[in-house]
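**Student:** Sharing a model prediction with you, sequence too.
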Amino acid sequence: MIKTITAYAPATCANVIVGFDILGFACDFIGDEVTLVSRDDKEIIIGSIESTEALPFDIEKNTASVVIKKMIENLKMDMGFTLHIKKGIPLSSGLGGSAASAVAAAVACNGFLRTPLTHEELLPYILCGEAIASGDVAASGGAVSNDVVASGHAVSSDDVAANDYAVSGDDVAANDHAVSSDSVAASSAAVTGNAAVVSNEVHADNIAPCLYGGLTLVTSLYPLKIISLPIPDVFCVFVHPHIKINTKDARKILSSTILLKNHIRQTQQLAGFIVSLYQNNKELLKQSLTDFIIEPQRAHYIPCFQELKKMAMERGALGISLSGSGPTLFAWTEKKEDADAIGIALSQHLQRERVNAEYWVSKISSEGAKIISKCSGP
């Protein structure tokens, strides 16, 4: 009988410049581990957290335990767990730390099931933990209802409220060509049972690549639909300034409206980006790595952002921007030596600005979260 399972989940880069809340890729240089030890008393207890900074031991507030609690309840698992969490990803770094803990917990818990869930079936549970970290779900619930268990663990789109993101041309014209969130049909998805209402700001751009690996595209949240995109042959350099940006705060500052011209330009960039992957066209890829919407609103978080960006492009970057909400910056290059040169130059520049920084170079990892150890016991 399996007594202990440890799962590993990799760091991720969300948004990938042109796909806010829908694009992400997995990295192979750092990650989180969650160990579950089964208990007969059906309690859920966080036994230890190995982290450089404080994380909640309250099971209602920790991204890993929230996932475990919901899986036990919905799947009617006849056991409890003691969790041991080992954080390898810096907190509030823009590298998907909250997602990694939630994903590792779900993968470890899945290992205890007689019939493990598929990735597609695990995703809604993981979204519960990510939603807690992002502040998108009321404290009383999660993104999955107790009714999810019905019909082979399938999440039915019938349980979800209409989620049409239609924008009226009349609404656009009335607001200086701005697309307003007020003009969008109500998109909160009320899920049945005792689950909370999930706002349209819940995002899966970190959890998808963390679970699946590779480069992923979220095409729908309700129901969750993920597409794995071709992985470009690039090197990724991540420069991590030692400052903190809270995801909740970084989302709050975003404008609820965008100029129509910027919407068009961003759509062109996203379309070019996806086509470049399928054509293996590096020139088109480079032309399609500019963010006209989110980056301009968040750039002020990073000291000397424009200067850092210019330095990276001069050293061979195909594109550079924030990883997730930052503060980590990422760039893609065709050559490893260019990635190293960018990492060194940007880190040194930040240090001259009295901001400690470190960098990593990685390929996009085709492998997502996985079980790394199992131990039997009485």
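**Tutor:** Structure received.
**Student:** Next up, the contacts around residue 262.
**Tutor:** 292-293 (Cβ atoms under 8 Å, 6 or more residues apart in numbering). (Glycine included, C-beta is placed from N, CA and C.)
**Student:** Next one: it from residue 291, what distance?
**Tutor:** From residue 262 over to residue 291 the distance is 10 Å, taken as Cβ to Cβ, to the nearest Å.
**Student:** Please apply the same query to residue 126.
**Tutor:** 26 Å.
**Student:** So what does residue 238 have for phi and psi?
**Tutor:** Residue 238 adopts backbone torsions of phi -120, psi 120, taken as degrees, to the nearest 10.
**Student:** Enumerate every residue touching it.
**Tutor:** 13, 27, 29, 95, 323, 328-330, 343, 359-362.
**Student:** Closest to residue 315 out of the residues you listed?
**Tutor:** Nearest to residue 315, judged by Cβ to Cβ, of the contacts of residue 238 is residue 343 at 9.6 Å.
**Student:** Can you report phi and psi for the closest one?
**Tutor:** Dihedral angles (degrees, to the nearest 10) for residue 343: phi -60, psi -40.
**Student:** Going forward, count from 51.
**Tutor:** Yep, numbering from 51; the last one is residue 393 now.
**Student:** That one reaches residue 411, doesn't it?
**Tutor:** Yes - in terms of Cβ atoms under 8 Å, residue 393 counts as a neighbour of residue 411; the distance is 6.2 Å.
**Student:** can you list residues touching both of the two?
**Tutor:** 287-288.
**Student:** After the top helix by length along the chain, which helix or strand is next? Please name it.
**Tutor:** For the chain, the helix with the greatest residue count under DSSP state H is helix 310-329. Sequence-wise, the next helix or strand downstream of helix 310-329 (DSSP states H and E) is helix 332-337.
**Student:** neighbouring contacts of that following helix?
**Tutor:** For helix 332-337, contacts defined as Cβ under 8 Å, 6+ apart pick out 282, 322-323, 325-327, 368-369, 382, 384.
**Student:** mind running it again at 10 Å?
**Tutor:** 282-284, 318-319, 322-323, 325-327, 329, 331, 363, 367-369, 382, 384 (Cβ atoms under 10 Å, 6 or more residues apart in numbering).
**Student:** buried set for it?
**Tutor:** For helix 332-337, the neighbour count (16 or more other Cβ atoms under 10 Å) marks 335-337 as buried.
**Student:** Sketch out the low-pLDDT regions of the stretch 251-400 of the chain for me.
**Tutor:** Residue ranges of the stretch 251-400 of the chain with pLDDT under 70: 251.
**Student:** Tell me where it has helices.
**Tutor:** 257-262, 297-302, 310-329, 332-337, 345-348, 355-364, 386-402 (DSSP state H, counting those that start in this stretch).
**Student:** who does the fifth one touch, helix- and strand-wise?
**Tutor:** Pointing back at helix 345-348 there. With contacts taken as 3 or more Cβ pairs under 10 Å, 6 or more residues apart in numbering; DSSP states H and E, helix 345-348 sits against helix 297-302, helix 355-364, strand 367-372.
**Student:** Residue 267: which of these is closest?
**Tutor:** So among the helices and strands packed on helix 345-348, strand 367-372 is nearest, using Cβ to Cβ, at 17.2 Å.
**Student:** can I have that closest one written out in PDB, keeping just the CAs?
**Tutor:** This file holds the C-alpha atoms of strand 367-372, laid out as PDB (Å, rounded to 0.1, in the frame of the first residue of the first chain):
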ATOM      1  CA  ALA A 367      17.100  38.700 -28.000                       C
ATOM      2  CA  LEU A 368      14.200  37.700 -30.200                       C
ATOM      3  CA  GLY A 369      11.900  39.400 -27.700                       C
ATOM      4  CA  ILE A 370      11.900  40.300 -24.000                       C
ATOM      5  CA  SER A 371       9.200  41.200 -21.400                       C
ATOM      6  CA  LEU A 372       7.900  40.300 -18.000                       C
END
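**Student:** what separates it from the chain centre, distance-wise?
**Tutor:** Between the centre of strand 367-372 and the centre of its chain there are 18 Å (Cα atoms, centre = their mean, to the nearest Å).
**Student:** list the buried ones in that strand?
**Tutor:** Neighbour-count burial for strand 367-372 flags 367-372 (criterion: 16+ other Cβ under 10 Å).
**Student:** Residue 92: how many residues sit nearby?
**Tutor:** Look at residue 92: counted by other Cβ atoms under 10 Å, it has 12 neighbours.
**Student:** Which pLDDT value belongs to the closest residue to it other than its chain neighbours?
**Tutor:** Setting aside the residues directly before and after it, residue 92 is nearest to residue 130 in space (Cβ to Cβ, 6 or more residues apart in numbering), at 4.1 Å. Looking at residue 130, its pLDDT reads 95.
**Student:** Next, residue 373: phi, psi?
**Tutor:** phi -90, psi 110.
**Student:** Pull the contacting residues for it.
**Tutor:** Applying Cβ under 10 Å, 6+ apart, the residues contacting residue 373 are 61-67, 74-75, 77, 143-146, 256, 286, 288-290, 379-381.
**Student:** circling back: what would the buried residues of strand 367-372 look like in JSON lines with distance to residue 301?
**Tutor:** JSON lines is the format used below for those (distance: Cβ to Cβ, whole Å):
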{"residue": "367", "distance to residue 301": "26"}
{"residue": "368", "distance to residue 301": "27"}
{"residue": "369", "distance to residue 301": "22"}
{"residue": "370", "distance to residue 301": "21"}
{"residue": "371", "distance to residue 301": "16"}
{"residue": "372", "distance to residue 301": "13"}
